[in-house]
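In: the sequence isn't on hand, but the structure is:
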């Protein structure tokens, strides 16, 4: 849980500072979106490797190495003035976050099994808590000094050594104001709110994230040296929790994994891309300041914290399957409301639906792990890696798609993309519910199968 908290503090500043990171590396929104895609490619590759290493090394040792490299990548990001260096830093950040996710999720489910539902929610709760605090810390470093030097204004992917005519045309395209060449001095505040002025102290937010990741590395290393090395004989392989013979035919197992992975991929793709682009969307479409957009991101994350804390207790009385169904429908309602609020330019509506999405997404990811472990297959390191591969495939493609359409067509594609994916999410969940009903009716659940195996073993021992 410490790893989930600290990795979220390291990753959290990226969304609120996304426009500043574009300015640092000298790119626009479309090219900046490639940074997020690179992050998720690193996440996906690391998840695959971690799934293979899960049963071969001590988990705490793997996690400590991941947190150390995560700290290094986090601190390096705001200093990467060259675009290719920023790409490498984002790749390393994604790789270490992916390793932490794959190892921690599988380990919790391996240890606790049927009783792991509240602990899975606890992991997500810690992640949400860190992810909600990070934007608040970032806001402190988004302020622009009052004595702005207009010669340092950043206009992505434009040639700065142009004539005055081309310069005014560039500005006109960026903020849609007339006669820019004669009004630059009178509109410096508009430029600040449009996020084209780099915040000079943004690196401090990333240093804080790097320091907490480094502290997690120290804690895990001490834990490994103190406990894990002294208890090698108690080490159990993940496969030992897997029944010798699966109760499901291969076709149903594949269908089950595809449905579960699809649910996680769609929701995570929406969540990650929304958090990364929300500040940029509010600045460009609704004329908010960067600080206001970052605050909205943080409020939504705090609502998710509350939702996941409630889910720790809720999953003990309500089936995770029912929770996933309800919250998927709620996600669709949220983005219908977001689309309407954007059309009406309703700031209050944006605040309400963005906060509601924090609750809608809260319990789903952890519930899908519990759903899989109960109905289809025990969650091992490899199963966790499969889920993360699907998650990153969608999370990597979403920023490219959204960045392209927002840069070349309209900012309203921010609404169109998420609305379409939320509709698809509801359809996939509906199909998964039908498949689950068939599996449980014909084959029962994994937990029932394990109880039967234990009973048979006890009878044989008694005889």
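Out: Ah, there it is. What you are looking at is a predicted structure, and each value in this text was computed from that prediction instead of being measured.

In: count of neighbours near residue 343?
Out: For residue 343, the tally of surrounding residues (other C-beta atoms under 10 Å) stands at 11. The way it works is simple: take the backbone N, C-alpha and C, and place the C-beta from them, glycine included.

In: and it, how far from residue 285?
Out: 11 Å (C-beta to C-beta, to the nearest Å).

In: same thing with residue 433?
Out: Relative to residue 285, and taking C-beta to C-beta, residue 433 is found at 36 Å.

In: poorly predicted segments of the chain, please.
Out: 1-5, 29-30, 51, 54-57, 109-110, 112-117, 142-199, 227-247, 446-463 (pLDDT under 70).

In: what helix or strand is the nearest residue to residue 272 once chain neighbours are set aside on?
Out: Computed as C-beta to C-beta, 6 or more residues apart in numbering, the closest residue to residue 272 that is not its neighbour in sequence is residue 395, at 4.6 Å. Following DSSP states H and E, one finds residue 395 within helix 381-408.

In: just checking, residue 49 touches residue 99?
Out: Yes. Assessed by C-beta atoms under 8 Å, residue 49 is found in contact with residue 99 at 7.5 Å.

In: which of the two has more residues huddled nearby?
Out: Legend: neighbour count by other C-beta under 10 Å for residue 49 and residue 99, higher for residue 99 (29 against 15).

In: which strands and helices sit next to the helix or strand containing that one?
Out: Per DSSP H and E: residue 99 is located in helix 83-112. Counting contacts by 3 or more C-beta pairs under 8 Å, 6 or more residues apart in numbering; DSSP states H and E, helix 83-112 packs against helix 2-11, helix 18-25, helix 29-53, helix 59-76, helix 117-139, helix 364-371, helix 381-408.

In: at 7 Å instead, please
Out: Where contact means 3 or more C-beta pairs under 7 Å, 6 or more residues apart in numbering; DSSP states H and E, helix 83-112 is packed against helix 2-11, helix 18-25, helix 29-53, helix 59-76, helix 117-139, helix 381-408.

In: follow-up on the earlier one: name the next helix or strand following the helix holding residue 395 along the chain.
Out: Per DSSP H and E, the helix or strand that comes after helix 381-408 is helix 413-443.

In: and the angle for that next one with helix 364-371?
Out: 20 degrees (axes from the mean of the first three to the mean of the last three C-alpha atoms, to 10 degrees).

In: now helix 413-443: buried residues?
Out: Within helix 413-443, the residues scored as buried using 16 or more other C-beta atoms under 10 Å are 413-415, 417-419, 421-422, 425-426, 428-429, 432-433, 435-436, 439, 443.

In: just stretch 304-315 next, same as before
Out: 304-309, 311-312, 314-315.

In: do stretch 211-225 as well
Out: Neighbour-count burial for stretch 211-225, with 16+ other C-beta under 10 Å as criterion, is recorded at 212-214, 216-217, 219-221, 223-224.

In: between those, which sits nearest residue 14?
Out: residue 213 (13.9 Å; C-beta to C-beta).

In: could you check how far the most centrally placed residue in the chain is from residue 431?
Out: Geometric centre of the chain, nearest residue: residue 272, 4.1 Å, by C-alpha atoms, centre = their mean. Separation of residue 272 from residue 431 (C-beta to C-beta) stands at 23 Å.

In: try residue 81
Out: From residue 81 to residue 431 the distance is 47 Å (C-beta to C-beta).

In: still on that earlier bit, just the element for the residue nearest to the centre of the chain, please.
Out: Assigned by DSSP H and E, residue 272 falls in helix 250-286.
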